[in-house]
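S.K.: with the sequence up front, the predicted model follows.
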Amino acid sequence: MSLPFVLIAAKRAALFALVWLVLSGGSAAGLGAALFAVPAAAVVSLILLPPGPRRLRLMRVLALLPGFLLRSVSGGVDVAWRALHPGLPVRPGWISVKTRMTDGVARSLYGAETSLLPGTLSAGCDAAGLKVHCLEVTARTEERLKIEERRLARAFSQDAVSQDGEDGRDDG
């Protein structure tokens, strides 16, 4: 085993230990189970998601958090407003969003974040990109999805950024 692999395994084990600590409320009663569960979770994570060339840009990921929270609340308010509006203002449909994200983790997060945008739900993917169900299919919805892809691509050092010729500035 190489030193970088051992460091990655240690980081994952520390992350799982932190999650265990939070979930158990710091109780010593579950310590015996944690001594088994934490290393097991780290091993399984290394099997399911082997270390690869992805580079996470922590500051860019943290910069995504406020917008993520805002879009989560905005998405919930938008759907509630549509559901309670007497005229039920929806024009539902499907959009196939082409993505250039190649890393499976970043692409999965893109699908998850897509579901938080107002009136959208990621419902699958194929080689070309995501299948997104929208409460209102508009050009604005498609543009918001592209903006989200660029934000996440920058945070995960994806090739979509360099192919777009982006200079690292935020799109809004």
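M.R.: Everything's here; your move.
S.K.: how about the helices in this protein?
M.R.: For the chain, the helices defined by DSSP state H cover 3-24, 31-48, 58-84, 104-114, 139-155, 159-164.
S.K.: how about a markdown table for those helices, with mean pLDDT added?
M.R.: Below are the helices of the chain laid out as a markdown table (pLDDT from 0 to 100):
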| stretch | mean pLDDT |
| --- | --- |
| helix 3-24 | 88 |
| helix 31-48 | 91 |
| helix 58-84 | 83 |
| helix 104-114 | 81 |
| helix 139-155 | 85 |
| helix 159-164 | 45 |
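S.K.: redo the ones you listed as a markdown table? Include distance to residue 120 and mean neighbour count.
M.R.: All C-beta spots, glycine's among them, are computed from the backbone N, C-alpha and C. Below are the helices of the chain laid out as a markdown table (distance: least, C-beta to C-beta, whole Å; neighbours: other C-beta atoms under 10 Å):
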| stretch | distance to residue 120 | mean neighbour count |
| --- | --- | --- |
| helix 3-24 | 29 | 13 |
| helix 31-48 | 27 | 13 |
| helix 58-84 | 8 | 13 |
| helix 104-114 | 6 | 18 |
| helix 139-155 | 7 | 18 |
| helix 159-164 | 19 | 14 |
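S.K.: now for the ones you listed, which one comes closest to residue 130?
M.R.: helix 104-114 (5.5 Å; C-beta to C-beta).
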